[in-house]
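J.: sequence plus the predicted model coming up.
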Amino acid sequence: MADQTTTRDPTAPVDIDAYLARFAWHPEPELIGFRDEATSRAALASLGAQTWHEALTYLYGIAAERAMGDASAYAEARRRYYGSDPAGPREGPGPAPSDPMRAIEVVDEYVVRLSRGLMNSQHPRQFGYFTPPPLPMSIMGELLAQVANQGVDVWHAGPSAAFAEEEVIRWLCDLVGYGEAAFGLLTSGGVMANFMGMALARDLQLGRLRGLSAPPRGKDLEGARVYTSDQTHFSIARALDELGFPPETLVVLPADDDFHLRGPAVAAAVERDRAAGLTPFAIAAVAGSTNTGSVDAVGELADVAGAEGLWLHVDAAYGGGARLSERDRDRVRDLERADSVTVDPHKWFFQAYDIGGLLVRDGRMLPAVFGGRAPEYYRGGETPGAGPVDDRRNGETDDGHDGVDQLNFYKLSFEGTRRWRALKLWMSWKHLGSLGFGKLIEANDDLAAYLARRCAEADDFEAVPEVPELSVVCFRHLPGDLAGEALDTHQDRLQAALELSGDGWLTTTRLRGATWLRAGVLNYLSTEGDIDHLLDTLRGLAAAG
């Protein structure tokens, strides 16, 4: 009996009507099953045009009008958001939507429910957290990266994407002054980079100092010490917590009068702790603190680290960007002497969230700590080499992993799945060049210096330090009849009133037991006129009570 099986000619055109019928449950099937250009390209172009229109309406509308879109207190902002749900007012999240909506209806709901409740980094007097307005080329890079949707974990999941990250990492290593042996990777931000920096210090330096045959765990973490200052980012303490160290591991030393951690203070602490039978193993310095923009004495700390056999990690998440400026690069010195350095391009490289990075002077240390496991499902993605490789790290057999010199970022990192963060920075760096980045950073430094100078010249403001190291200025309004807690409360009230007005945005911080207004000047859209306007606004708000 003849075989009655029929097969479709693979070269025959797809019956697009039958294909789209698979998505007939949606009012816009062409925006779900978009494989046919003739059917879907125009619909996608229209959706893109509508969305981009709303993006520009936001950019030149609410983002230009208010530094903080909705300055309501938390409870009121929450009520406003959930009260505007088209499904009906709620007190909190309701069930997930069950029925599909048209794309433009979704965009419209974004406009109504979300766009007016955002922190608007594009406002020219937005000087709050380290959130600069992202460069347009960074936004375009993020768009292209999301369309391509590459996984930068195993090389085959994003081949060109892995090379783009390798290239950007090389540029960053060159920027901090590392040699050819250095390498690193991009992260979600400084917290993850600091976490991995401390993991390297634990597994490599502490293990070496204690003569362990395996990375230190459990009781081997007791009696260890890491040194930092009172200006260090909270993520260093969090990293040590999550890495299993007891709370007393982190020794927080007071910064000097200019908020720097200095070498002699660390050397004295190391000597004291060694005499007590403890094991110093790392220093965590900061180059551009969040509070004041201060830069620790990295050269002095590197001397101590070298003499005492300690790992030196420098959190340059913010300040590392200063190295892009030929004029201002020496404000952040000696990064090349650190064992590991954190950078955050979504700060002073003006990149869209998220993109941080960890750089290591000896790149071989990354796979030494993070490369010990090779899941079987990654085998194909790693392009196996000549045959099985007997690798009994952690009791596993590699069985064909590890093509020669193949770049698989999951073996260099705590993360598995990794998005394509490099493209936006790659495109931005090519668009501006290091020269252009440097110009933007110099303008920020100049604007911060202008703000500090205006405060010094006034009888109703003061700033600390009087000359900013980078582009952070801590200042406060002095009404003349307030001191102590009353003066602190005055700063909090001014910040809240400014936020409510929408005319600008500052944060507050605590320095030496007092409350200060804090301006993080990473806004390349701002001018000296905006600084003058900001100070006048604060004076007016203070007078209005």
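T.: That came through, no problem.
J.: strands of the stretch 401-545 of the chain, start to end?
T.: 461-464, 472-477, 507-511, 514-520 (DSSP state E, counting those that start in this stretch).
J.: direction included, what does the shortest one pair against?
T.: Strand 461-464 has its sheet partners listed here by DSSP bridges as strand 472-477 (antiparallel).
J.: any regions of the stretch 401-545 of the chain where pLDDT drops low?
T.: 401-404 (pLDDT under 70).
J.: what are the boundaries of the helices in it?
T.: 422-457, 484-501, 528-544 (DSSP state H, counting those that start in this stretch).
J.: list the contacts of the residue nearest to the spatial centre of the chain.
T.: A centroid search over the chain (C-alpha atoms, centre = their mean) returns Gly189, at 3.0 Å, as the residue closest to the centre. Contact analysis of Gly189 by C-beta atoms under 8 Å, 6 or more residues apart in numbering lists Ala317, Asp344, His346, Asp354, Ile355, Gly356. Quick note: C-beta positions are derived from backbone N, CA and C, even for glycine.
J.: may I ask which two of the residues you listed are separated the most?
T.: Ala317 and Asp354 (12.0 Å; C-beta to C-beta).
J.: the two: which is more packed in?
T.: Ala317 (30 against 16; other C-beta atoms under 10 Å).
J.: the more buried one against Gly197, yeah?
T.: No - Ala317 is beyond contact range of Gly197, at 10.9 Å (criterion: C-beta atoms under 8 Å).
J.: so what sits against both of these two?
T.: Thr342.
J.: how about the nearest residue to Ser188 once chain neighbours are set aside, what does it touch?
T.: Residue nearest to Ser188 in three dimensions, not counting chain neighbours: Asp354, with 4.9 Å by C-beta to C-beta, 6 or more residues apart in numbering. The contact partners of Asp354, by C-beta under 8 Å, 6+ apart, come to Ser188, Gly189, His346, Arg421.
J.: do that again at 6 Å, thanks
T.: Applying C-beta atoms under 6 Å, 6 or more residues apart in numbering, we find Asp354 in contact with Ser188, Gly189, His346.
J.: ok, Pro215 next?
T.: Counted by C-beta under 6 Å, 6+ apart, Pro215 has contacts Asp203, Gly207.
J.: host element of it?
T.: For Pro215, there is no helix or strand it lies in under DSSP states H and E.
J.: how much space is there between it and Gln205?
T.: To Gln205, Pro215 is 11 Å away according to C-beta to C-beta, to the nearest Å.
J.: strands of the stretch 151-300 of the chain, start to end?
T.: Under DSSP E, counting those that start in this stretch, the stretch 151-300 of the chain gives strands at 183-187, 224-229, 250-253, 279-286.
J.: possible to save the ones you listed as CSV with mean pLDDT and distance to Pro93?
T.: Shown next, in CSV, are those (pLDDT from 0 to 100; distance: least, C-beta to C-beta, whole Å):
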stretch, mean pLDDT, distance to Pro93
strand 183-187, 98, 29
strand 224-229, 98, 39
strand 250-253, 98, 37
strand 279-286, 98, 38
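J.: for Ser294, find the nearest of these.
T.: strand 279-286 (7.3 Å).
J.: list the buried residues of the closest one.
T.: Thr279, Pro280, Phe281, Ala282, Ile283, Ala284, Ala285, Val286 (16 or more other C-beta atoms under 10 Å).
J.: report the distance from it to the chain centre.
T.: Strand 279-286 sits 22 Å away from the centroid of its parent chain (C-alpha atoms, centre = their mean, to the nearest Å).
J.: what is it packed up against?
T.: Packing contacts for strand 279-286, counted by 3 or more C-beta pairs under 6 Å, 6 or more residues apart in numbering; DSSP states H and E, involve strand 224-229, helix 263-275, helix 298-308, strand 311-315.
J.: what about 8 Å?
T.: In terms of contacts (3 or more C-beta pairs under 8 Å, 6 or more residues apart in numbering; DSSP states H and E), strand 279-286 is packed against helix 190-200, strand 224-229, helix 263-275, helix 298-308, strand 311-315.
J.: compare the strands of the stretch 151-300 of the chain and give me the one nearest Val14.
T.: strand 183-187 (38.3 Å).
J.: helices or strands up against the closest one?
T.: With contacts defined as 3+ C-beta pairs under 8 Å, 6+ apart, strand 183-187 has these neighbours: helix 159-176, strand 356-360, helix 365-370.
J.: that one vs helix 190-200, what angle?
T.: 140 degrees (axes from the mean of the first three to the mean of the last three C-alpha atoms, to 10 degrees).
J.: show me the contact partners of strand 183-187.
T.: 165, 168-169, 172-173, 193, 196, 355-360, 363, 366, 409, 412-413, 415, 418, 421-422.
J.: what about the host helix or strand of Tyr110, distance to the chain center?
T.: According to DSSP H and E, Tyr110 maps onto helix 103-113. Chain-centre distance of helix 103-113: 28 Å, with C-alpha atoms, centre = their mean.
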